[in-house]
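A.B. asks: Using only what follows, build the 3D model:
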Amino acid sequence: MSAYIVAKPVIDAIVTVAHRGPNAHRGYAQGWTDQIGYARYDGLNVQTVDELGAALWVANVRSVNYRYQERNPLFMKAAREYVYEPVHNVPTVLEALALLGAYEYQTCERPSWRRSPECFFIERLRSTLLHWLPGYNEAYWMPA
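C.D. replies: Numbers count the residues shown, from 1 in each chain. Presented below is the predicted three-dimensional model:
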């Protein structure tokens, strides 16, 4: 398994979906609220999106460093100094779910990943997005 440091637009897209909601064909999802939160935050806002993005990117850099037993000081500096830029092409629910899977695949190398606030955030965002899939809430789930 190989791992790489994700590009800044990947982090921007994740933070945009978490902050504004997935693309629902006509702008952002109606009714999307900051129901995700991030570890110690009550919800995402303009003050916390930079910190969230930095934490997600730092986790990714640390994962790659752990995997390859190396240091990437320039990438770590860029990650720590992250400044959120909303993406204009906001991912749909399905695209956002794929994006989270790709991010997690690149970021799960450290043994502490599963206990990290970043992992908790990704899991909560994924869980919330599932409920936004068309037909999800109407699906019949009782076994016959």
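
A.B. asks: now the top helix by length along the chain: how far from the chain's centre is it?
C.D. replies: In the chain, with assignment by DSSP state H, the single longest helix is helix 49-68. Distance, stretch centre to chain centre, for helix 49-68: 11 Å (C-alpha atoms, centre = their mean, to the nearest Å).

A.B. asks: can you list contacts of the helix or strand just after that helix?
C.D. replies: Next along the chain after helix 49-68, taking DSSP states H and E as the criterion, comes helix 73-80. With contact meaning C-beta atoms under 8 Å, 6 or more residues apart in numbering, helix 73-80 is reached by 5, 8, 54, 57, 58, 60, 61, 65. The C-beta positions use only the backbone N, C-alpha and C, and glycine is treated the same way.

A.B. asks: Quick check: phi and psi at the second one.
C.D. replies: In this entry, residue 8 is assigned phi and psi values of phi -50, psi -40 (degrees, to the nearest 10).

A.B. asks: Which residues are in contact with it?
C.D. replies: Neighbours of residue 8 in contact, by C-beta under 8 Å, 6+ apart: 57, 78, 82, 85.

A.B. asks: Does residue 64 touch residue 57 like I think?
C.D. replies: No. With contact defined as C-beta atoms under 8 Å, residue 64 does not count as touching residue 57 (10.9 Å).

A.B. asks: higher neighbour count, these two?
C.D. replies: More crowded of residue 64 and residue 57, by other C-beta atoms under 10 Å: residue 57, with 29 against 20.

A.B. asks: Could you report the pLDDT at that one?
C.D. replies: Here the pLDDT value assigned to residue 57 is 97.

A.B. asks: Kindly confirm whether my reading is correct that it touches residue 6.
C.D. replies: Yes. With contact defined as C-beta under 8 Å, residue 57 reaches residue 6; the gap is 7.4 Å.
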